[in-house]
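Novice: any chance you can model this:
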Amino acid sequence: MSTYLLADAFSAFYQDKVRLHYGKAGDRVKIISEHGAVLIVEDKNGNRFPVAAENVSGR
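Specialist: The predicted structure follows:
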């Protein structure tokens, strides 16, 4: 089953006054783990980041 981001994923912290952009809506991701309402996902480049469970399709 394919899993995709439903919304852009940004860091909660700022780096040089800009939030890091982890992924954009429509990007395919792999679910690594679930922690309540938060998922840890991995993108095609192997980068792992947290997203709200409601912002991921196909789970």
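
Novice: show me the beta-bridge partners of Val56.
Specialist: Leu5 (DSSP bridges).

Novice: equivalent analysis for His21, please.
Specialist: Residues in beta-bridge contact with His21 (DSSP bridges): Phe10.

Novice: how near is it to His35?
Specialist: His21 sits 22 Å away from His35, going by CB to CB, to the nearest Å. The way it works is simple: take the backbone N, C-alpha and C, and place the C-beta from them, glycine included.

Novice: what sits against Ala53?
Specialist: By CB atoms under 8 Å, 6 or more residues apart in numbering, Ala53 lies in contact with 34, 36-39, 59.

Novice: now the buried members of these.
Specialist: Leu39 (16 or more other CB atoms under 10 Å).

Novice: mind picking the lowest-pLDDT entry from the contacts of Ala53?
Specialist: Of all the contacts of Ala53, Arg59 carries the smallest pLDDT score, 67.

Novice: thank you, goodbye.
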